[in-house]
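**Q** Got a sequence here, can you build the structure:
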Amino acid sequence: MDLLGSKDLCTKVELSISCKDLLDRDIGSKSDPICLVEVQDAKGNYQEVGRTERIKDSLNPVFSERIALNYYFEQVQNLTFTLFDSDNGTKSLKDDDFLGRIQTTLGQIVSSKKLSRGLLKKNKKNSPSEGTITISATEVTDNSFSHFYFKAVGCDNKDFLGKSDPFLEVWRHENNDWSLCYRSEVVKNDLSPIWKRFKIANYLLIQKEGDRRVKFICYDADSDGSHDLIGECEVPMSQLQQGDGKEFALINPKKKAKKKNYKNSGVLVLQEYQVKKEASFLDYLFGGLQLNFTVGIDFTGSNGPQNNPTSLHYVTDRCPNEYQQSLYAVGNIIQDYDYDKMFPAFGFGAVLPNGERSHEFPLNLNPENPYCSGIHGISEAYKSTVTKVRFSGPTCISPIIRHVSAFASQQTATPTKGQKTAIQQNYFVLLIMTDGEITDMAETKHAIVAASNFPMSIIIVGVGHADFSKMRELDGDDKTLTCPVTGNRSTRDIVQFVPFSKFKSTSNEELARAVLAELPKQVTNYYEKNGIEPGVRQFAQ
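**A** You can find the predicted model right below:
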């Protein structure tokens with residue numbers, strides 16, 4: 001028996017490829033194109049992940065062979081698509097004529113719905129070849145879930161003092177074995193328990209051929225883990241799919257063998273059954289979702305004098321500092337999901353050239369237009385401003401959180417006619433980079449709890465080697481964040497905190513993976529909780 005764990009945080013996609021106006025490398029006929037797809041590994045080398053079929057005599061091929069890939073939002077997945085004229089039909093392409101190549105990321109393909117590029121000549125990045133390639137991505141997954149609502153009636157009493165404390169397990173039969181799909185909460189001291197609604201992915205319950213058997217086991221929970229069996233039942237999935245009101249006798253095999261007049265040890269009642277297709281992160285992206293990226297950088301005095309090589313803000317062309325590395329690690333992924341690539345960026349904790357102390361100032365020092373063009377634009381603004389401001393304090397991040405949440409809150413406003421789709425298609429991601437404990441902890445918790453009601457996530461990267469123990473309180477992985485001002489609790493976990501030092505000896509890709517891995521789940525969780533479905537999938541014509 002195996003206990004089923006959670007799925008990897010990835011989605012399977014298939015890439016379809018077509019080309020137009022390819023080079024003709026053959027004399028007396030046309031090229032016989034084939035497309036090789038490679039992905040860059042952790043060491044920077046490109047490895048083949050698939051190839052299309054070879055199409056004879058075509059300069060405008062539409063390949064039927066799709067390329068399957070795992071899509072990881074939190075990673076930059078660099079891909080190359082190389083076209084060859086394959087005359088000999090062998091697996092090796094080394095002796096085949098080169099037709100053109102492009103390099104891109106899987107994120108760019110997914111966010112573009114359909115990506116078209118001019119093919120480039122070999123080893124010449126900016127030298128156009130002939131022809132274009134078009135790549136589109138399709139999500140391959142069954143996102144449907146079976147939703148159950150169970151109660152039991154007349155369970156056996158297994159406790160000497162008091163009543164049984166029942167819980168329910170759901171097992172599926174596969175390959176002559178049973179594997180656990182779900183375990184409910186314990187209902188204390190109740191012989192007719194009503195359990196909370198739960199869901200199980202249909203790929204676990206429904207098989208293409210035949211009728212999968214599902215087993216329900218009801219136990220009386222004991223604190224020492226030696227749970228007593230109340231009863232069990234084995235049910236074909238087709239019976240569950242018949243709907244509400246179905247009743248199943250819970251049988252205890254040992255009691256049944258001992259008692260002649262034994263009927264059951266309780267009755268399991270299916271009060272409600274529904275199948276729902278649950279939207280994935282890609283469903284929202286394909287439906288037009290845009291990620292709005294904002295950056296906040298700590299310019300407090302604890303970073304050290306900027307012109308000192310030990311400063312966290314020391315800038316050199318030879319080696320980017322931790323702020324720059326964090327920016328590029330996260331920003332290089334996020335920017336693929338924002339259509340105009342114009343990002344507001346702010347600093348905090350500095351004295352500006354005009355003598356004003358500020359906890360939220362435009363990184364480009366332009367209050368009329370705080371937007372920077374791309375991640376490179378943010379980097380250039382940072383390198384310019386870091387030498388113009390005077391590092392100060394205290395470390396307050398609540399102002400910038402409130403600034404972004406004010407924009408995010410507008411997405412929940414009642415839209416006017418014709419605005420419904422647009423107002424629901426913007427999700428805000430705030431990256432805060434700071435070198436130490438924040439001063440306004442109470443106000444920050446207040447701001448985060450309020451922001452949890454809006455389409456917004458916050459990523460905090462701690463740079464340097466300060467004590468970040470209190471910062472972890474903001475990350476709700478272990479405990480729901482509570483506002484010390486109002487007593488309100490966060491409606492969902494929207495903060496991910498990561499210390500940069502943990503990834504200093506690894507690659508930027510590992511840092512990005514750590515800080516962004518939760519974001520797709522946070523996005524879908526917000527929209528599901530608010531009953532907002534993805535927009536109609538936008539396929540390029």
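**Q** what's the following helix or strand after the worst-scoring helix or strand of the chain on mean pLDDT?
**A** Within the chain, no helix or strand scores below strand 2-3, which has a mean of 30 by mean pLDDT, DSSP states H and E. Once the chain leaves strand 2-3, the next helix or strand it forms, by DSSP states H and E, is strand 11-20.
**Q** angle of the helix or strand immediately after that next one in the chain against strand 11-20?
**A** Using DSSP H and E, the helix or strand that follows strand 11-20 in sequence is strand 33-40. Strand 33-40 and strand 11-20 are oriented at 140 degrees to each other (axes from the mean of the first three to the mean of the last three C-alpha atoms, to 10 degrees).
**Q** Other residues contacting strand 33-40?
**A** Outside strand 33-40, the residues within contact range by C-beta atoms under 8 Å, 6 or more residues apart in numbering are 15, 17, 19, 22, 46-55, 58-59, 61, 63, 67, 69, 77-86, 93, 96, 99, 133. From N, CA and C alone the C-beta is placed, and that goes for glycine too.
**Q** now with 6 Å?
**A** 17, 22, 46-52, 54-55, 61, 67, 78-84, 86 (C-beta atoms under 6 Å, 6 or more residues apart in numbering).
**Q** Identify those among the residues you listed that sit within strands.
**A** Residues of the contacts of strand 33-40 located in strands (DSSP state E): 17, 46-51, 67, 78-84.
**Q** Tell me which stretches of the protein form helices.
**A** 106-112, 202-205, 237-240, 253-258, 281-286, 322-334, 374-385, 398-409, 420-423, 441-451, 508-516, 519-529 (DSSP state H).
**Q** Now mean pLDDT, distance to Phe468 and mean neighbour count too, for these, in TSV please.
**A** Formatted as TSV, the helices of the chain follow (pLDDT from 0 to 100; distance: least, C-beta to C-beta, whole Å; neighbours: other C-beta atoms under 10 Å):
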stretch	mean pLDDT	distance to Phe468	mean neighbour count
helix 106-112	92	29	21
helix 202-205	81	39	17
helix 237-240	91	48	15
helix 253-258	93	54	11
helix 281-286	87	28	23
helix 322-334	91	13	22
helix 374-385	95	22	19
helix 398-409	95	17	20
helix 420-423	45	36	14
helix 441-451	94	12	21
helix 508-516	83	14	20
helix 519-529	90	20	19
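**Q** With distance to Phe216 as extra columns, can I get those helices in JSON lines?
**A** Listed next are the helices of the chain as JSON lines, based on distance: least, C-beta to C-beta, whole Å:
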{"stretch": "helix 106-112", "distance to Phe216": "39"}
{"stretch": "helix 202-205", "distance to Phe216": "12"}
{"stretch": "helix 237-240", "distance to Phe216": "10"}
{"stretch": "helix 253-258", "distance to Phe216": "14"}
{"stretch": "helix 281-286", "distance to Phe216": "31"}
{"stretch": "helix 322-334", "distance to Phe216": "43"}
{"stretch": "helix 374-385", "distance to Phe216": "52"}
{"stretch": "helix 398-409", "distance to Phe216": "42"}
{"stretch": "helix 420-423", "distance to Phe216": "42"}
{"stretch": "helix 441-451", "distance to Phe216": "39"}
{"stretch": "helix 508-516", "distance to Phe216": "38"}
{"stretch": "helix 519-529", "distance to Phe216": "26"}
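**Q** for the ones you listed, which one sits closest to Ile217?
**A** Closest to Ile217 of the helices of the chain is helix 253-258 (C-beta to C-beta; 11.3 Å).
**Q** How about the contacts made by Leu516?
**A** Leu516 neighbours (C-beta under 6 Å, 6+ apart): Glu74.
**Q** State the distance from it to Leu191.
**A** 47 Å (C-beta to C-beta, to the nearest Å).
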